Structure formats: structure tokens, C-alpha cells
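Engineer: A structural model of the following input is requested.
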Amino acid sequence: MIRLTLEQAHQLAQDILRSNGFSEPHVQAVSATVLAGERDGCASHGLYRVLGCVRSLKAGKVVADAQPEVFDQAPAIVRVDARGGFSQLAFQAGLPVLLGKAREAGIAAMAINHCVHFSALWVEIEALTDAGLVALAFTPSHAWVAPAGGSKPVFGTNPIAFGWPRAGHNPFIFDFATSVIARGDIELHRRAGKPLPEGWGIDAQGQPSTDAAAVLQGAMHTFGGHKGSALAAMVELIAGPLIGDLTSAESKAYDGGGDSSPYHGELIIALDPQRFLGAAADEHLARAETLFESIQGQGARLPSQRRYEARKRSAEEGVQIPQALYDDLNALIVR
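Structural biologist: Take a look at the predicted model:
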């Protein structure tokens, strides 16, 4: 393992992206996202993801200098065309409009189209909870996940994220794949030569497997059986056809058998407690705190609690990544 300060980790990501020809706005947006993942102990969405950024660029599957275009779609809907670039810059472009619409109507949605997407959704959710809004986000990916009772990939990992602002506390946020685990975690197991826990996936013949490489060629399982499968289907629909973008199967077909990051859309919904509750907002938000207290009061942990702890630790100690990953990342810098 090799230890990096947060500044060194950020600089490494920037150097790779910039030297490979990404425009400065994309360098800043993408490097901030992968740094956040590494900083918060989410290695599957940290520096490791820069490998996929460069791989997607070399495959011609991402536009390095794409400039997102924002459209005022409807009174409570903003649409952002990422124009084949990464989703992070498109989110940043549409965020001010989404905030304004949510403040005006009480609830608003942002549809991001034609984006290359690999990042954790909690980074975007946190931008909304920081503004005092309740938020949800949904996105498909590549078809890597079999439906409950099936043996062939249909769904993406199809994450769902939710955020609730808390005065004086870190926001309540969860962000989880509807697959049993994130795809990136299986890839990290493959890189480390570690077997998978039973129940994570099946091989190309539909047989249960703990071999990461075999599952990557086969299919992952949804979490919670048919319940996770139903949620995965919901994400396909509301972050695919509803916003005029690709499903996970269509994204995988677009990749043409390659190994690039998924290409599709994302749906973000923001709700303003002040508009829902008016003068009673503070009273009811305070009532919500009793829920969190009842969870933590019995020794249970809130979602993202470990992430916030890792964030504090990383600020003091930096982050650690495998030497092999560090070497692979450095090899991508065009000198």
C-alpha cells in the first residue's frame, strides 16, 4: 500500500486527466468526484475510476471537451444535455437551475441526458442537502445484473440515492446499488485476486461463482431477491425511457463489447422542506431528529456514518491505495 495526502491524490487524478486531453472543466469536476470517493473510504468510486476515464476516452466513448447545454424543460423540470461528456460537469451546469425551481415549486427534477456516468450519487446528493433540500437520484449503468430468477444480465447496478438535510449534523444520506454489491467492488476483488462472497453473482453459464473474473463475464445478483429486482426495473424506467435516454441493455450495446464507462442518463429530484411546510418547517425537521436518535440510541449506525468517519480520518492521515493501482495510474500520465 502507498499513502497519499488528499492534495497528492487530487493532483494525481488531475495530472492523468489533463495530460490525456480532458478540458479543464472536466478535469476539475471529475477529479473532485474521485477524490471525494477516495477520501470517504469508497475505494470502488475513488482513484481507481480514473482508469476507466482514460479507457473510455481511448475507446472514443467520451467527449473530452464536451460542453453541457441546459434546457428549461418545464416549470419544475430542467434538462441538461451532457453532449457525450462525463455526468459531473452536466450536474454542475444544471444545479443552479434545479435549486431555483425547487425553491419556487417545492419540488423539481433534473434530467441529465447523453452522459458518461461512473460516479457515486452521494456526491451530488450532498450538494443538494447542503442547500437544505431533500433529494433523490437514480441512474442505470451497463447491463451487468440478472433479474431475480433469471440468469442473463438485464439491469445495471442501478443505484438509488437519498439525502435528508440535518441542522448541526452531517446529512442523512444513503447511496446503494440495487445489485448485491457495486460493480467496482467486484473489479477490485479481481485486481486483488480475492474470491467473492457467495451469493454475489453467477458465471456465464448461470452457475453460482465466487470467481470475480467469472462473475464479471456472467451476471451479478440483485440485492433482496425479487424486491431488489423490482427496484432495479423502476430505475431502468424512470432514468431511461421517462427522460428519453438509454436503458442499461442499450448502454451495453452502445459500448459494442468494449470496457468503457456506461453511457445513459440520470434523474435527480429535489424537494424543499420550506415550501412543503412553510413556517412549520423547523418544527417538523426537528421531529425528524427523533428518528435518527432512536436508531443510534440502540447502537445501530446511520447510513454514511462510516463515510463521514473516513472523511475525518483522511483529512488527518491521507489515503492509502494499493501499490499496483498507484503504478497503473502513474503509467497513464502522458509526459
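Engineer: what about the helices in the chain?
Structural biologist: With DSSP state H as the criterion, the chain has helices at 6-19, 24-39, 49-58, 87-105, 122-129, 183-192, 212-217, 226-238, 248-255, 273-277, 281-296, 305-317, 323-330.
Engineer: Which neighbouring elements make contact with the second one?
Structural biologist: It refers to helix 24-39. helix 6-19, helix 49-58, helix 87-105, helix 122-129, helix 305-317, strand 319-321 (3 or more C-beta pairs under 8 Å, 6 or more residues apart in numbering; DSSP states H and E). (Glycine included, C-beta is placed from N, CA and C.)
Engineer: can you list the residues that contact it?
Structural biologist: For helix 24-39, contacts defined as C-beta atoms under 8 Å, 6 or more residues apart in numbering pick out 6, 9-10, 13-14, 17-18, 22, 43-47, 49-50, 53, 64-67, 85-86, 88-89, 92, 119-120, 123, 310-311, 314-315, 319, 321.
Engineer: buried ones in it?
Structural biologist: The neighbour-count check on helix 24-39 (16 or more other C-beta atoms under 10 Å) flags 25-39 as buried.
Engineer: where does K58 sit relative to S248, distance-wise?
Structural biologist: In this view, K58 and S248 are 23 Å apart by C-beta to C-beta, to the nearest Å.
Engineer: of the two, who's got more company?
Structural biologist: The neighbour count for K58 versus S248, taken as other C-beta atoms under 10 Å, is higher for S248 (27 against 13).
Engineer: wouldn't that one be in contact with T139 here?
Structural biologist: No: in terms of C-beta atoms under 8 Å, S248 does not count as a neighbour of T139; the distance is 9.6 Å.
Engineer: Quickly list what's touching both of the two.
Structural biologist: Joint contacts of S248 and T139 (C-beta under 8 Å, 6+ apart) are 156, 158, 264.
Engineer: Contact partners for the first one?
Structural biologist: Looking back up the chat, that one is G156. Contacts here follow C-beta under 8 Å, 6+ apart; on that basis G156 touches 139-145, 179, 232, 235-236, 248, 251, 262, 264.
Engineer: returning to that earlier point: quick one: which of the helices of the chain is nearest P171?
Structural biologist: Comparing these against P171 with C-beta to C-beta, the closest turns out to be helix 122-129 (3.7 Å).
Engineer: hmm, back to that, just the buried subset of the contacts of helix 24-39, please.
Structural biologist: Among these, the ones that count as buried by 16+ other C-beta under 10 Å are 6, 9-10, 13-14, 17-18, 22, 43-47, 49-50, 53, 64, 66, 85-86, 88-89, 92, 119-120, 123, 310-311, 314, 319, 321.
Engineer: picking up where we left off before, now, among the buried residues of helix 24-39, which is nearest to L285?
Structural biologist: For those, the nearest to L285 is A36 (25.5 Å; C-beta to C-beta).
Engineer: If I look at E187, what pLDDT would I see?
Structural biologist: E187 carries a pLDDT score of 87 in this model.
Engineer: Distance of it relative to D282?
Structural biologist: E187 is 45 Å from D282, by C-beta to C-beta.
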